[in-house]
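>>> Provided below for reference: sequence and predicted model.
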There are 2 protein chains.
Amino acid sequence: MTGLRERKKEATRVALREAALRLALEHGPANVRVDDIAEAAGVSPRTYNNYFSSREEAIVAAVTADRESRIAAAVTERLSETRLAEAIVDAITAQYTDPGEQSRDALLLITTNPGLRTAFLDAPAALEDPLQEVIATRVGDPQTARVLAASVAAAVRVALEQWTQPAGNGLVVVSGSLPDLLRRMLEPLVPALDAAEA
Amino acid sequence: MTGLRERKKEATRVALREAALRLALEHGPANVRVDDIAEAAGVSPRTYNNYFSSREEAIVAAVTADRESRIAAAVTERLSETRLAEAIVDAITAQYTDPGEQSRDALLLITTNPGLRTAFLDAPAALEDPLQEVIATRVGDPQTARVLAASVAAAVRVALEQWTQPAGNGLVVVSGSLPDLLRRMLEPLVPALDAAEA
DNA sequence: CACGAAACTTGCGTGCACGCAAGTTTGCGT
DNA sequence: ACGCAAACTTGCGTGCACGCAAGTTTCGTG
C-alpha cells in the first residue's frame, strides 16, 4: 500500500516535470527560470532542487518518465524465454519505441537545445544499477555484471547521441528509426554478453 | 613549432591546476574558492572558467594530467604488435600504473571528498574520442568503434569507482592493485573487441 | 613594419545549486 | 486519541557557471 506521503511526493514530481515541459514549449527553454517552474507547480524554488538537480532535468524527465526502470523489468520478463543478449536488446528497443508521440515537439525542443540534449543523453546512465542486478542473475561475477551493464548503458547513450545529432556535419548522416539504431549499437556488445552468460 | 600563444595557454592551465591542488591540500577542498585558485595562478576568476568548467576539475586535472590522451598513443604503438583487445588492456593498465606517487596524498584527498571523487570518475570519459579513432583503424564500421570505445571508457570508470570506493559497506571489499582491477574490469569486453576485429 | 583579424582576458550581471537551520506535515506505536 | 520521531518544505546565504561586450595580445600578411 502507498501512503499519503508517497503519493504527495510523486504528485509534486509529476507537477514539476509537466510544468517544466509546458513552460519550455510555450516560451522557449531559455526563457524559463526554475522559479517559474516552481511557481507553476505550487512549490518553493528550493523544493524544486529537492526533486531535480538541474533546470534541464525536469524537462527531460517529462519525456523520459521512468523509462529506465521499466527497461529493467522488461529484461527480467524476457529473460525467462531467451538468452541474456536477446532479452536486453529486445527490452531496450521495445521501451524506446516512440509511443503515440504527443512528445514529438518535446523531442524537437530537446534536440535543438544543447543543454537539454546533454541532460537527455545523461538519462540512460540510470540504466546501470537496475540492469546490473538483472544481469547478475545470469552471470556469476557481480563485477562482470557491472561492467556489462555500464557498457550497455553507454551503447544506448551513443545511439541517442546519433539519433539527436545536429545534422549537416558534412559527413554521413546516420538516421534510421531509433529502434534500428539501438539494435545496431548494441550488436557489438552481444559477443561479450554471450561469453559472460556461458 | 609552438607559438607564444599556445605556450602561454598551457602555462596558465598548468598554473591553475597546480595552484588548485596545492591549495586544496593545504586548506582542505571545502575551504578553497575558485577565486583563491585564480588569484594564486595570477588570472581573473572569469578566466578560470575558460579553462575548467568546475571547481573540482582543476584539482583532478593536477593528478590526471593528460593521461587520457597518452593512452590513445600507447594503444596505437602496441597495436602494431598485437591484437586490439590486448593492445587496449596493456596500454590502459600501463598508463594507470601509479608512478612515483607524489600524488598519494592527492589521491587520498580525492577519494575522501564526494565532489572530487565524482569529477575524478568523470575523467575517463575523455578516452572515448581518441580511443574511437584508434579502434576505427582496426574495425571497419565507425559506429562499432564508437560503441566499443564508449564501453572501454565505461569499464575504466567502473574500475576507478571500485578502487576509490568508500570502504566499509558491509560487503566484500574489492581492493587489489589498480592495474589488476582494470584488467579484471576490461576482461568481459575482450570477446566484443575480438569479434569486431575479426 | 604596420595593420587588421582572430584569439584570449576580463568585469559585469544573472540565474542556478545546495548546505543549513527552522518550521510543518505525516506516520506509527502505545 | 495522543504525542513523538522522522520525513519533507521553505527561506536564507554563499559560491559557482557562464553569456555578453569591451579591452588587450598575438599572429600572419602585404
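Cool, the structure landed.

>>> looking at the closest residue to residue A:22 other than its chain neighbours now. What's its pLDDT?
Counting by Cβ to Cβ, 6 or more residues apart in numbering or on different chains, the nearest residue to residue A:22 once its immediate chain neighbours are dropped is residue A:40, at 7.6 Å. For every residue, glycine as well, the C-beta is placed using N, CA and C. As predicted, residue A:40 sits at a pLDDT of 97.

>>> buried residues in the helix or strand containing residue A:40, which are they?
Counting by DSSP states H and E, the element that carries residue A:40 is helix A:34-41. By 16 or more other Cβ atoms under 10 Å in any protein chain shown, the buried positions in helix A:34-41 come out as A:34, A:36, A:37, A:38, A:40, A:41.

>>> which residue ranges of chain A form helices?
A:4-27, A:34-41, A:45-51, A:55-64, A:67-79, A:84-95, A:104-112, A:114-122, A:128-136, A:142-163, A:178-186, A:190-197 (DSSP state H).

>>> pick the most buried one from the ones you listed.
helix A:142-163 (a mean of 24; mean count of other Cβ atoms under 10 Å in any protein chain shown).

>>> let me see the mean pLDDT of it.
Per-region confidence: helix A:142-163 scores 96 on mean pLDDT.

>>> anything in that helix near chain B?
Yes: against chain B, helix A:142-163 shows contacts by Cβ under 8 Å from any Cβ of the partner chain at A:143-144, A:146-148, A:150-151, A:153-155, A:157-158, A:162.

>>> could you pull up phi and psi at the residue in chain A positioned nearest to DNA strand C?
Proximity of chain A to DNA strand C (Cβ to the nearest atom of the strand) peaks at residue A:3, 2.8 Å away. Main-chain torsions, residue A:3, degrees, to the nearest 10: phi -70, psi 170.

>>> my read: the residue nearest to residue A:22 touches residue A:24, true?
No: the criterion here is Cβ atoms under 8 Å, and residue A:40 misses it with residue A:24 at 11.1 Å.

>>> so where's chain A uncertain?
For chain A, residues meeting the criterion pLDDT under 70 lie at A:1, A:98-102, A:166-175.

>>> how about the residues of chain A near DNA strand C?
A:3-6, A:8, A:32-35, A:46, A:49, A:53-55 (Cβ under 7 Å from any atom of the strand).

>>> ok, so of these, who is nearest chain B?
Nearest to chain B among these, counting by Cβ to the nearest Cβ, is residue A:53 at 12.0 Å.

>>> which residue sits farthest out from the middle of chain A?
residue A:198 (29.2 Å; Cα atoms, centre = their mean).

>>> and that residue, how far from residue A:86?
14 Å (Cβ to Cβ, to the nearest Å).

>>> do you know how far the residue nearest to residue A:22 is from residue A:10?
18 Å.

>>> just residue A:69 next, same as before
As judged by Cβ to Cβ, residue A:69 and residue A:10 stand 13 Å apart.

>>> not counting sequence-adjacent ones, nearest residue to residue A:138?
Here the residue nearest residue A:138, using Cβ to Cβ, 6+ apart, is residue A:84, at 5.1 Å.

>>> what residues does chain A have near chain B?
When proximity is defined as Cβ under 8 Å from any Cβ, chain A approaches chain B at A:143-144, A:146-148, A:150-151, A:153-155, A:157-158, A:162, A:174, A:184-192, A:194-196.

>>> run the chain-centre distance for stretch A:24-43.
22 Å (Cα atoms, centre = their mean, to the nearest Å).

>>> now do the end-to-end distance for that stretch.
The straight-line separation of the ends of stretch A:24-43 (Cα to Cα, to the nearest Å) is 18 Å.

>>> can you check stretch A:61-75 too?
Termini of stretch A:61-75 sit 22 Å apart (Cα to Cα).

>>> what sits up against stretch A:51-63?
Applying Cβ atoms under 8 Å, 6 or more residues apart in numbering or on different chains, the external contacts of stretch A:51-63 come out as A:12-13, A:16-21, A:24, A:29, A:32-34, A:37, A:48, A:103, A:106-107, A:109-110, A:115-116, A:118-120, A:123.

>>> also stretch A:16-26?
Here stretch A:16-26 has contacts from A:32, A:36-38, A:40-41, A:43, A:48, A:51-52, A:58-59, A:61-63, A:105-106, A:109, A:116, using Cβ under 8 Å, 6+ apart.

>>> chain neighbours aside, what residue packs nearest to residue A:150?
residue B:154 (4.0 Å).

>>> apologies, that question was intended for residue A:164.
The spatial neighbour of residue A:164 that comes closest, neighbours along the chain excluded (Cβ to Cβ, 6+ apart), is residue A:111 at 4.3 Å.

>>> so how far is DNA strand D from that neighbour?
As judged by Cβ to the nearest atom of the strand, to the nearest Å, residue A:111 and DNA strand D stand 18 Å apart.
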